[in-house]
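J.: Below are the sequence and a predicted model for it; my questions follow.
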Amino acid sequence: MTESVNPPRIAGWLLLPLAWLIMTMLTSALVVAMYLSPLFDTELRTTLFTHASQLFTQWAISLLTAGVVWVYSIWVCWMFCKRSRRLPRHYILWLLMTVLLALKTFAFTPVADNKAIQTLLLSLLAAAVFVPYFKRSQRVKETFIQP
């Protein structure tokens, strides 16, 4: 008789990284919607497409970046729920990507410094906590074993 061993379900401390992932995924969806909103307003669309190409280029790069983050977050979330053995590596990459985007926001985006610092600190804190957890935790190694 062979007994099938089921990996542990996603519970306990693993719910925190999943919640962080879902929150970022929803935030990214809102950012994509925000960047797409000028397309639906005639005045903003005219300004975007008729003035200096630098404005359009910045808008397109921001839209593309937000879209990539959103799609990658969805894919990582799917792998998380599937308990894929590839997840720990991609989750760590995803965390590092959020830190890089927070650094970009802090350095180049015209937002209030306190908001940019808050975003940067939250991303750094999440990476500082979850990267070692995903690298060393026995629970992670036992949970994410599916192909």
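T.: Received, thanks.

J.: only C-alpha atoms for contact and neighbour calcs from this point on.
T.: Fine.

J.: pLDDT below threshold where in this protein?
T.: For the chain, residues meeting the criterion pLDDT under 70 lie at 1-5, 7, 52.

J.: ranges for the helices of it?
T.: Assigned by DSSP state H, the chain shows helices spanning 15-36, 42-50, 53-82, 87-108, 113-136, 138-143.

J.: Can you mark which positions in the shortest one are buried?
T.: Buried residues in helix 138-143, defined by neighbour count with 16 or more other CA atoms under 10 Å: Arg139, Val140, Thr143.

J.: which among the residues you listed gets closest to Ile61?
T.: Ile61 has its nearest neighbour among those in Val140, at 35.1 Å by CA to CA.

J.: The closest one reaches Phe134, doesn't it?
T.: Yes: using CA atoms under 8 Å, Val140 is in contact with Phe134, at 6.1 Å.

J.: what residues do those two have in common as contacts?
T.: Counting by CA atoms under 8 Å, 6 or more residues apart in numbering, the contacts common to Val140 and Phe134 are Pro88.
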